[in-house]
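Engineer: using only what follows, build the 3D model:
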Amino acid sequence: MQTVKMVITGPFSAGKTEFIRAISEIDVVTTDRAISSSIEQKVKDSTTVAMDFGRITVDDDLVLYLFGTPGQRRFDFMWEILAEGMLGFVVMVDSAKPETFREAKSILETFRAYAPTPYVVAANKQDHPDAWDINDLRIALRIEDDVKLLPCVATDKEKVKNVLLELLYSILEEMEGG
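Structural biologist: As a prediction, the model looks like this:
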């Protein structure tokens with residue numbers, strides 16, 4: 001049995017927990033805590049403080065372990081711990097919140113520095129009326145043409161599956177020598 005560790009990262013409220021919930025075959029283990037900041041409470045009631053964990057059995061030979069990171073910088077000490085042993089990562093970006101794009105790019109660079117593993121960028125909330133077009137997002141985030149930037153809706157199992165499969169293909173390609 002082969003296990004593949006994938007990390008799901010991105011800014012606060014980008015959709016990481018929902019992404020894992022949409023696809024995990026087990027109840028997602030979360031470390032959510034109530035939000036104390038009134039600014040953040042306007043967005044949502046709780047936030048991940050350590051990690052989210054989900055699992056997907058692809059077939060008899062392959063299981064994916066999904067580790068969601070906290071999105072807030074004050075919990076970024078968990079990032080390096082969660083990055084250890086990862087074979088790839090997904091950076092979630094809230095397509096409808098351009099004010100979070102710089103943070104998403106910064107998180108992407110941080111995870112690239114932890115390990116030179118394959119990664120994809122998931123443009124979440126593509127169903128939102130204010131969502132940016134994928135091509136405009138690529139320019140805004142300064143993402144190279146060879147990096148997969150994929151449309152996503154974190155609550156849509158099929159869209160989540162597509163993002164994870166693209167990352168898995170990249171991981172398998174690298175394992176086979178690219």
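
Engineer: chain center to the host helix or strand of Ile171: distance?
Structural biologist: Per DSSP states H and E, Ile171 falls inside helix 157-175. Its chain's C-alpha centre and that of helix 157-175 lie 12 Å apart, by Cα atoms, centre = their mean, to the nearest Å.

Engineer: could you list the buried residues of that helix?
Structural biologist: Residues of helix 157-175 classed as buried by neighbour count (16 or more other Cβ atoms under 10 Å): Lys159, Val160, Asn162, Val163, Leu164, Glu166, Leu167, Leu168, Ser170, Ile171. For glycine as for every other residue, the C-beta is placed from the backbone atoms N, C-alpha and C.

Engineer: format those residues as CSV; extra columns: distance to Met78.
Structural biologist: Output for those, formatted as CSV (distance: Cβ to Cβ, whole Å):
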residue, distance to Met78
Lys159, 26
Val160, 22
Asn162, 27
Val163, 22
Leu164, 21
Glu166, 25
Leu167, 20
Leu168, 24
Ser170, 24
Ile171, 22
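
Engineer: closest to Ile20 out of the residues you listed?
Structural biologist: Distance to Ile20 across the buried residues of helix 157-175 (Cβ to Cβ) is lowest for Val160, with 8.3 Å.
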